[in-house]
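**Student:** How does the following fold in three dimensions:
(one chain, ligands or ions: 1)
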Amino acid sequence: MPPKAKAAAKGRAPAKRKLAEEFPPGEVLIDTGKKSWKIGAPIGQGGFGLIYLAEENSSKQVGVDARYVIKVEPSENGPLFSELKFYMRAAKPDQIQQWMKSHKLKHLGVPRYWGSGLHDKGGKRYRFMVIDRLGIDLQKKFDECNRRFPRKLVLQLGLRLLDILEYIHDHEYVHADIKASNLMLSHSDLNQVFLVDYGLAYRYAPDGVLKVYKEDPKRCHDGTIEFTSIDAHKGASPCRRSDLEILSYCMVQWLCGRLPWEDNLRDPLYVRDSKIQSRENVSEFMTKCFSSQDKPVEIQKFMEEVKRLDYQDKPPYDHLRSILRSGLKAIKAEDNDKLDFASVKGTASPPSQVNTLTERCGPTLAYPPRAPRGCCKPPRRPQAYRPSPPEHLLLMPPAR
Ligand SMILES: Nc1ncnc2c1ncn2[C@@H]1O[C@H](COP(=O)(O)OP(=O)(O)OP(=O)(O)O)[C@@H](O)[C@H]1O
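**Tutor:** The predicted structure follows:
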């Protein structure tokens, strides 16, 4: 059981992290490279901090079409610090540009990192990070589409994610929390999708040295319960195959609306065992999720391929891409760079239950919290369990 859940089970409230207080529009922050940034309206709230619209500092106010956002957290909070290290190591604009050129990609959905620093206000110290401003997240799109995405769209999203994962894996990181609410469309181009929230990203191969498999009972079930990998359920640090396993659960949920274990997310051992059973018999798992005429053969092949991977294996990205492309071919579609979110005809799946880890850790709110049209309650957003980073990490100087 994770520490926070353990505290809750014993009737103690989990230790609360401080939220950044709201800065007024016009506040100027200076990053470590001496570049100054002006803050606009807050547009998002995560578990630990706020996200503001931002622009390079000038005499103008920051408008609604700002190109950047600034994520701010009290400096002693760990999550932004770990995320910042990922961005500094792997998301510099030149680095991404070079990769896109060498891999002949028109788009790579990793938000660019533009700067970071510390800002003092009212006797308090805040850490901030400047990244690309993005638009709507795919969980909202999924709910708008009656919790089903068309097959073509799912395969296209799978292809985009394979590009993203190959890039971040090549830069020594795994994401470990892929899900619709962590996928956002570009603010200016609704055909571009980005993977965000690197708060749980893990450096699985520091300086090229792969971590070895080791189960830690204190870390069991890290991630978002419905999608997290079997490795994470067992308390092992996430690896490349974990990201691909999570992606396959996401694709299945987007296609059929609901994963078989969503009826009992309160029981992490039940979820773990259901996933282990599914891996042992992928064909039976597919039968649980799809009717015989709707069964996407390519997803089954994808899962069989992922199942073959050992903990330290490098995934066969090209082969996995070719499996998803064969699915597009089977429905006479091609990957034409357009993401079409038209709803799928059919019955909507009932909303999934709230998971216990979420309830115990306390949900994070969208800012401002918004209900979908015709609904009085916001739909449940799958929540990640975030372990506190070790103390020594909080004291480390930022990565170069
Ligand atoms: N680059 C971005 N551009 C625009 N909005 C963003 C961006 N990144 C995040 N947001 C918005 O801010 C909200 C909070 O994002 P953040 O990454 O801080 O979340 P978090 O702390 O990881 O918590 P959670 O995963 O629960 O949302 C997101 O839900 C999203 O609506």
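
**Student:** Give me the contact list for stretch 318-332.
**Tutor:** Stretch 318-332 is contacted from outside by 151-152, 155-156, 158-159, 162, 244, 296-299, 301-302, 305-306, 334-335, using C-beta atoms under 8 Å, 6 or more residues apart in numbering. C-betas here are computed from N, CA, C, even on glycine.

**Student:** repeat that with 6 Å
**Tutor:** Contact with stretch 318-332 is made by R151, L155, G158, L159, L162, P296, E298, K301, F302, E334, as judged by C-beta atoms under 6 Å, 6 or more residues apart in numbering.

**Student:** Please identify the buried residues of it?
**Tutor:** Across stretch 318-332, burial judged by 16 or more other C-beta atoms under 10 Å covers L320, R321, I323, L324, R325, G327, L328.

**Student:** can you check stretch 26-40 too?
**Tutor:** Buried, per 16+ other C-beta under 10 Å, within stretch 26-40: E27, L29, D31, W37, K38, I39, G40.

**Student:** Can you tell me which of those residues comes closest to the ligand?
**Tutor:** Distances from the ligand to those, taken as C-beta to the nearest ligand atom, are shortest for G40 (11.6 Å).

**Student:** Can you get me the start-to-end distance on stretch 273-288?
**Tutor:** End-to-end span of stretch 273-288 (C-alpha to C-alpha, to the nearest Å): 15 Å.

**Student:** what mean pLDDT does it have?
**Tutor:** In this model, stretch 273-288 has an average pLDDT of 98.

**Student:** Distance from that stretch to the middle of the chain?
**Tutor:** 24 Å (C-alpha atoms, centre = their mean, to the nearest Å).

**Student:** and whichever residue of the stretch 101-250 of the chain sits closest to the ligand, what are its bridge partners?
**Tutor:** Nearest to the ligand in the stretch 101-250 of the chain, going by C-beta to the nearest ligand atom, is L134, at a distance of 3.7 Å. In this entry, L134 is beta-bridged to S186, by DSSP bridges.

**Student:** residue contacts, it?
**Tutor:** M184, H187, F194.

**Student:** Please indicate which of the residues you listed has the highest neighbour count?
**Tutor:** Highest neighbour count within the contacts of L134: M184, with 25 neighbours (other C-beta atoms under 10 Å).

**Student:** Give me every residue in this structure lying close to the ligand.
**Tutor:** Applying C-beta under 6 Å from any ligand atom, we find that the chain lies next to the ligand at 43-49, 51, 69, 71, 111, 131-134, 137, 196-197, 199, 364, 366.

**Student:** what's the most distant pair in the buried residues of stretch 26-40?
**Tutor:** Using C-beta to C-beta, the two most remote members of the buried residues of stretch 26-40 are D31 and G40, lying 16.6 Å apart.

**Student:** any idea how far the residue in the chain sticking out farthest from the centre is from F23?
**Tutor:** Distance from the C-alpha centroid of the chain, by C-alpha atoms, centre = their mean, peaks at S59 (35.2 Å). According to C-beta to C-beta, to the nearest Å, S59 and F23 sit 19 Å apart.

**Student:** Ok, D163 next?
**Tutor:** D163 is 35 Å from F23, by C-beta to C-beta.

**Student:** What of H175?
**Tutor:** Distance of H175 to F23, given as C-beta to C-beta: 29 Å.

**Student:** More neighbours: which of those two?
**Tutor:** Applying other C-beta under 10 Å to H175 and F23 shows that H175 carries more neighbours, namely 28 against 20.

**Student:** how about that one, what does it touch?
**Tutor:** Applying C-beta under 6 Å, 6+ apart to H175 gives the contacts A201, D243.

**Student:** next one: the one 10 residues further on
**Tutor:** For L185, the residues meeting the contact criterion (C-beta under 6 Å, 6+ apart) are G135, I136, V193.

**Student:** And for E27?
**Tutor:** Counting by C-beta under 6 Å, 6+ apart, E27 has contacts I39.

**Student:** again, but for L162
**Tutor:** L162 neighbours (C-beta under 6 Å, 6+ apart): Y317, L320, R321.

**Student:** Report the buried residues of the helix or strand hosting it.
**Tutor:** Using DSSP states H and E, L162 maps to helix 151-170. By 16+ other C-beta under 10 Å, the buried positions in helix 151-170 come out as 151-169.
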